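Engineer: sequence first, predicted coordinates after that:
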Amino acid sequence: MDMSGGGPRGGPVLGYGGAASRPSPLRWSQSSASGIASVTVSPERTRAFDRYIVPELETLYRVALAITGDQPEAEDLVQDTLIRAFRALDRFDGAYPRAWLLTILRNTNISRHRRRRPGLLADADRIDEWAEPVSSASNPESVAMAAVFDETVEAAFGSLGADQQVVIRLIDVDGLSYQEAAEVLGVPIGTVMSRLHRGRTKIKRKLAGSGRRVGRL
Amino acid sequence: MAFRSRRGRKMGCLAVARVLQAYLDGEIDEATTRRVSAHLEHCRRCGMKAATYRAIKTSLARSGEGWDELTRRRLEDFAHRVGQGQAGGT
């Protein structure tokens, strides 16, 4: 599986140009008026895009939000990722689309950071922007108890270092596997596990310190 | 990643502690999962610890429920245009 995920943003044809002997399902032309590339896309490519990429849109956004900590930045990152993924579709073998996309997202993020300073999720105040406490508890008392617990967990999460926050968020909030999180962050799986363990342990200690207990809030 | 423990042996608290996070995340093999579950049912201390970690995990998952409608629409619209070869830069 090719994980390169295409070239720089706004560049010429990626993924097809090298295979001169192979008919390309994507033909590119340059608009003289706008300077923006326009393309003629094969139905197969559109179908592949809809089949492999579109279903992962929410995951891409959540992961982008986790690693950027900023909503507009996350949207931009997803958009760049979509463009790169679209260009790289001919090199995708159809296996593990999420892993393939997350690698593209990671590479895209690295490219973007080369142009700008990185901004990891480091500000505890940011949590308020993405946290949407929703409880499935059915009675008011349970809702209140869950809310208090959630607030404490949220505060504890906010006190963690950025590295631990990102890992916990990717796994607990976004539902990534250890391997997927390691791929997105570009670190060994053991690093993901140790950060996860340390982060959760800290949250648990904070809960204990605040007197919160599961079932007895 | 699948973690395995020695077959046919009961797991002690220390062994369970080593794989507890992976157990909660569904990252261990079935046999080990069964053995960890069996230990947690009979060991109050480890059972409480697991319950706390599970509650933390659930709370964090709750915090991320749903992505806002506008963001979803914007990205779906953008994805549609990319898929049709119409988005700027494609």
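Structural biologist: Received it, and whenever you're ready, just let me know what you need.

Engineer: where does pLDDT dip in chain A?
Structural biologist: A:1-39, A:115-146, A:211-217 (pLDDT under 70).

Engineer: helix or strand: which one has A:Ile83?
Structural biologist: Per DSSP states H and E: A:Ile83 is located in helix A:71-88.

Engineer: in stretch B:35-53, what counts as buried?
Structural biologist: The neighbour-count check on stretch B:35-53 (16 or more other CB atoms under 10 Å in any protein chain shown) flags B:35-36, B:39-40, B:43, B:46, B:49-50, B:52-53 as buried. Just so you know, the C-beta spots here come from the backbone N, C-alpha and C atoms, and that holds for glycine as well.

Engineer: A:Thr108 is in contact with A:Asp80, correct?
Structural biologist: Yes - look at A:Asp80 against A:Thr108 with CB atoms under 8 Å: they come within range, at 4.8 Å.

Engineer: who's more crowded, the two?
Structural biologist: Between A:Asp80 and A:Thr108, A:Thr108 has the larger neighbour count (other CB atoms under 10 Å in any protein chain shown), namely 25 against 22.

Engineer: packing partners of the helix or strand that contains that one?
Structural biologist: Following DSSP H and E, one finds A:Thr108 within helix A:97-115. Contact partners of helix A:97-115 among helices and strands, from 3 or more CB pairs under 8 Å, 6 or more residues apart in numbering or on different chains; DSSP states H and E: helix A:57-68, helix A:71-88, helix A:178-185.

Engineer: tally of neighbours for A:Pro72?
Structural biologist: The burial count for A:Pro72: 9, using other CB under 10 Å.

Engineer: what does A:Val54 give?
Structural biologist: With other CB under 10 Å as criterion, A:Val54 counts 16.

Engineer: how about residues contacting the longest helix along chain A?
Structural biologist: In chain A, with assignment by DSSP state H, the single longest helix is helix A:189-210. For helix A:189-210, contacts defined as CB atoms under 8 Å, 6 or more residues apart in numbering or on different chains pick out A:152-153, A:155-157, A:159-160, A:163-165, A:167-168, A:171, A:178-179, A:181-182, A:185, A:213, B:1, B:21-22, B:25, B:49, B:52-53, B:56-57.

Engineer: enumerate every residue touching A:Phe157.
Structural biologist: A:127, A:165, A:168, A:199, A:203, B:60.

Engineer: the same query, at a cut-off of 10 Å, please.
Structural biologist: A:124, A:127, A:131, A:164-165, A:168-169, A:172-173, A:199-200, A:202-203, A:206, B:56, B:59-60, B:63 (CB atoms under 10 Å, 6 or more residues apart in numbering or on different chains).

Engineer: pretty sure B:Lys57 contacts B:Tyr23?
Structural biologist: No - taking contacts as CB atoms under 10 Å, B:Lys57 lies outside contact range of B:Tyr23: 11.4 Å.

Engineer: first-to-last residue distance for stretch A:167-181?
Structural biologist: 7 Å (CA to CA, to the nearest Å).

Engineer: buried ones in that stretch?
Structural biologist: Buried, per 16+ other CB under 10 Å, within stretch A:167-181: A:167-174, A:176-178, A:180-181.

Engineer: roughly how far apart are B:Ala22 and B:Gln86?
Structural biologist: 44 Å (CB to CB, to the nearest Å).

Engineer: thanks again, I'm all set now.
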